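Participant: After the sequence you'll find the predicted model.
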Amino acid sequence: MESFLGIDEVARRTGLTVHTLRYYERIGLIAPVARAAGGQRRYAASDIAWIDFLLRLRTTNMPIGAMRAFAALRGAGDATVPERRRMLETHLADVLAAIDEMRRSAEALEAKIDHYRALEQSLPPQTRTEKGHRHADDDRNDRRPLRARTRKAQGGGRAGR
């Protein structure tokens, strides 16, 4: 016998909120879910597998409109298999292009970091700061509100109020 999960358990397992699960059902991303006698949603394993796939599409930045179109094709049955495959092939090409762009951007960041490391080596020692070291006049790492730092600099503080 197949076991069913309530909406709270599905939310925990998927990382979606109960509100999002209801929203996905309302807009057609999820087919209407079976209901218990009291009206509570009962998700089958196939529902959860579909939600997991939707999360993959979302992670790869598929627009919600495209996700809805894909879900509608899925709901229309096997006659739409070729169209669904084409949709996924197009989306995969977009994802791979985005990955390539991110890789190029990461390489540019690495080159800039290397550039700054080389510049740091050419700076006089007193202008270099390492993590955890502060110059006496460097307030950038001070986590107190600016007001508190200003009062201290003016000789104020709690006793000076």
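Facilitator: On my side now, so go ahead.

Participant: Export stretch 18-28 to PDB, keeping only CA atoms.
Facilitator: Backbone C-alpha positions of stretch 18-28 (Å, rounded to 0.1, in the frame of the first residue of the first chain) are rendered in PDB as follows:
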ATOM      1  CA  VAL A  18       3.400  25.200   3.000                       C
ATOM      2  CA  HIS A  19       2.300  28.500   1.400                       C
ATOM      3  CA  THR A  20       4.600  27.800  -1.700                       C
ATOM      4  CA  LEU A  21       3.200  24.200  -2.000                       C
ATOM      5  CA  ARG A  22      -0.300  25.600  -2.100                       C
ATOM      6  CA  TYR A  23       0.700  28.300  -4.500                       C
ATOM      7  CA  TYR A  24       2.300  25.800  -6.800                       C
ATOM      8  CA  GLU A  25      -0.900  23.800  -6.800                       C
ATOM      9  CA  ARG A  26      -3.000  26.900  -7.400                       C
ATOM     10  CA  ILE A  27      -1.000  28.000 -10.500                       C
ATOM     11  CA  GLY A  28      -0.800  24.500 -12.000                       C
END
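
Participant: Average pLDDT for it, rounded please.
Facilitator: Mean pLDDT, computed over stretch 18-28, is 96.

Participant: Touching it from outside, list them.
Facilitator: Defining contact as CB atoms under 8 Å, 6 or more residues apart in numbering, one finds that stretch 18-28 is touched by 7-8, 10-11, 14, 16, 30-33, 41, 51, 54, 64, 68, 71-72, 75. Heads up, the C-betas are built off the backbone N, CA and C, glycines and all.

Participant: Buried residues, that stretch. List them.
Facilitator: Burial within stretch 18-28, assessed by neighbour count using 16 or more other CB atoms under 10 Å, is assigned to 21-22, 24-25.

Participant: just checking, what packs against the longest helix anywhere in the chain?
Facilitator: If you go by DSSP state H, the chain has its longest helix at helix 81-122. For helix 81-122, the elements it packs on are helix 64-76, judged by 3 or more CB pairs under 8 Å, 6 or more residues apart in numbering; DSSP states H and E.

Participant: circling back: which of the contacts of stretch 18-28 fall within helices?
Facilitator: Among the contacts of stretch 18-28, the members that lie in helices (by DSSP H) are 7-8, 10-11, 14, 51, 54, 64, 68, 71-72, 75.
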